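Student: All I have is the shape, not the residue letters:
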């Protein structure tokens, strides 16, 4: 009888874990990019590895430096390798960063970087999934009104959203290039 109860408990535990995973992976994570077109970050028909960077367009230093390093890395790899990757910028400030604005900002750094925005719920869901730390900080006596303090990593993801690795903020493209080359086929 104990074995039967244990088997039932394990089945229920496995079913519960599967349901939790499915509900987490299907949580609202809808993003939009250029011309307000939907960006499906977890499109299984697109085999490219995602290189995701979370930031915001009014960031005074970390985001532009990071996107410049990503651009530098993308410029150092050949076109065949580049076609294996899908670089995506996700704004952490959807209140001010529209999909169009985020896309224009990302394209400023490199034409292959997709810029995206979504609801605060969608952005928070994605940020939480990858343990991105961010919070809004009010700026007294500033025309900006607030800033977004955030962690700075490049997240390399499989098409299903599984984290392969992450590269911390860097001041040279080299660590990004090394990671791209190690993951290319």
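Tutor: Arrived safely, thanks for sending. Quick caveat, the model's predicted, so the values are computed rather than measured.

Student: From now on I want contacts and neighbour counts done on CA atoms only, so please keep to that.
Tutor: Fine.

Student: tell me which residues in the one helix or strand residue 147 maps to are buried?
Tutor: Following DSSP states H and E, one finds residue 147 within strand 146-150. Residues 147-150 are the ones in strand 146-150 that count as buried (16 or more other C-alpha atoms under 10 Å).

Student: so where do the strands sit in the protein?
Tutor: 31-32, 38-39, 49-55, 85-91, 114-118, 134-138, 146-150, 153-157, 163-168 (DSSP state E).

Student: Tell me which of those sits most buried.
Tutor: strand 114-118 (a mean of 28; mean count of other C-alpha atoms under 10 Å).

Student: Just the pLDDT at the residue positioned nearest the centre of the chain, thanks.
Tutor: Geometric centre of the chain, nearest residue: residue 52, 3.6 Å, by C-alpha atoms, centre = their mean. For residue 52, the pLDDT comes out at 98.

Student: what's the answer for the one 3 residues further on, then?
Tutor: On the pLDDT scale, residue 55 is placed at 98.

Student: What of residue 6?
Tutor: On pLDDT, residue 6 comes in at 41.

Student: Output the below-cut-off pLDDT ranges for the chain.
Tutor: Along the chain, the parts satisfying pLDDT under 70 run over 1-27.

Student: Can you show me the helices along it?
Tutor: With DSSP state H, the ranges of helices along the chain come out as 2-25, 62-76, 79-82, 99-109, 120-129, 174-183.

Student: Kindly provide the distance from the nearest residue to residue 32 once chain neighbours are set aside to residue 146.
Tutor: Take residue 32 and drop its neighbours on the chain: the residue closest to it by C-alpha to C-alpha, 6 or more residues apart in numbering is residue 38, 4.4 Å away. The gap separating residue 38 from residue 146 is 28 Å, by C-alpha to C-alpha, to the nearest Å.

Student: Look up how far residue 67 lies from residue 171.
Tutor: Counting by C-alpha to C-alpha, the gap from residue 171 to residue 67 is 10 Å.

Student: the more surrounded of those two?
Tutor: residue 67 (24 against 12; other C-alpha atoms under 10 Å).

Student: Residue 108 is in contact with the more buried one, correct?
Tutor: No: if you go by C-alpha atoms under 8 Å, residue 67 and residue 108 don't touch, sitting 9.4 Å apart.

Student: since we're on the closest residue to residue 44 other than its chain neighbours, how many residues are nearby?
Tutor: Nearest residue to residue 44, sequence neighbours excluded (C-alpha to C-alpha, 6+ apart): residue 159, at 5.4 Å. The number of residues packed near residue 159 is 19, by other C-alpha under 10 Å.

Student: Could you do residue 44 as well?
Tutor: Residues within reach of residue 44, counting by other C-alpha under 10 Å, total 12.
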